[in-house]
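Colleague: how would this look folded up:
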Amino acid sequence: MQPTFRKATAADSDLLADLVFGEEGSEGRRVTAAVLQLEDIEKFRPLFRALWKASENWRQCEIALLEGESAGILMNNQPPDKITARVVLVAVRTFGLRVFALRDRLRIFERVHPKKPDGAYVISELDVLEQHRGKGLGTLMMERAEASARAQGYKLMALQTRTTNPARRLYERCGYEVAAEATDPEFERLTGVPGIVLYVKHLS
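Modeller: Residues are numbered from 1 along each chain as shown. From the prediction side, this is the model:
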């Protein structure tokens, strides 16, 4: 079954944020909860949605559809988060007075993210809904991203993922190679994940 794709719109902001936020029990949500010291990760969802809306992340997104149903998201070159008054308000509601220590918590994430190469086409997000996995959709989305990069004249592609992510097998099958890996003892102590790996692919 071949997917179709459509460009995301502003109306998709919550849908896209929820796809990236992940399913209940996913490793990504568990890691975020551990670093931010949130017993209930669902409390973070409104802030995550607010950040996506403020940064207009939908502009860099495509939604993969199977039989008209949203099945995945492909995002390239994610812009930096915009901190607006709305974002600050939601952050205070989420964290209370702990919001003032949030920057220190986020530095833990920063320590395990290798620097992306300048001038690369970056796959910022590639997410397939659980019920649509195992159908080859991830591979087709990777191929679509590469075709887009080539059409725009890029010579290098890059992406980051957790060292423990099973999707690493997909990336390596698609020709990506490890360029750097960043680990941090505190990050691993909190999350059980050593760190983040940077993959690159040179386009001929």
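
Colleague: skipping its backbone neighbours, what lies nearest the residue positioned nearest the centre of the chain in space?
Modeller: The chain has residue 125 as the residue nearest its centroid, 4.0 Å off, counting by CA atoms, centre = their mean. Counting by CB to CB, 6 or more residues apart in numbering, residue 125 lies nearest to residue 75, which is 3.9 Å off, once chain neighbours are set aside. Every C-beta, even on glycine, is put in place using the N, C-alpha and C of the backbone.

Colleague: if I look at the one you found, how far off is residue 141?
Modeller: 10 Å (CB to CB, to the nearest Å).

Colleague: returning to that earlier point: give me the pLDDT for the residue nearest to residue 125.
Modeller: Looking at residue 75, its pLDDT stands at 95.

Colleague: what does the one 4 residues further on give?
Modeller: Here, the pLDDT recorded for residue 79 equals 80.

Colleague: ok, now residue 171?
Modeller: In this model, residue 171 carries a pLDDT of 97.

Colleague: where does this protein have low pLDDT?
Modeller: Scanning the chain for pLDDT under 70 picks out nothing.

Colleague: buried residues, the longest helix seen in the chain. List them.
Modeller: When the chain is parsed with DSSP state H, its longest helix is helix 137-151. Within helix 137-151, the residues that count as buried by 16 or more other CB atoms under 10 Å are 137-138, 140-142, 144-146, 148-149.

Colleague: what sits up against that helix?
Modeller: The contact list for helix 137-151, computed with CB atoms under 8 Å, 6 or more residues apart in numbering, reads 2-3, 5, 62, 64, 66, 71-72, 74, 76, 121, 123, 126, 128, 157, 167, 170-171, 173-174, 201, 203.

Colleague: my read is that residue 66 contacts residue 131, right?
Modeller: No - using CB atoms under 8 Å, residue 66 is not in contact with residue 131, being 9.6 Å away.

Colleague: of these two, which one has the most company?
Modeller: residue 66 (18 against 11; other CB atoms under 10 Å).

Colleague: OK, contacts around that one?
Modeller: By CB under 8 Å, 6+ apart, the residues touching residue 66 are 1, 3, 132, 135, 137.

Colleague: and what of residue 125?
Modeller: Residues counted as contacts of residue 125 (CB under 8 Å, 6+ apart) are 20, 61, 73-75, 78.

Colleague: common neighbours of residue 75 and residue 141, please.
Modeller: Joint contacts of residue 75 and residue 141 (CB under 8 Å, 6+ apart) are residue 126.

Colleague: ok so, going back, secondary structure added to the contacts of residue 125, as a markdown table?
Modeller: As requested, the contacts of residue 125 are exported to a markdown table (DSSP: H, G, I helix; E, B strand; the rest coil):
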| residue | secondary structure |
| --- | --- |
| 20 | helix |
| 61 | strand |
| 73 | strand |
| 74 | strand |
| 75 | strand |
| 78 | coil |
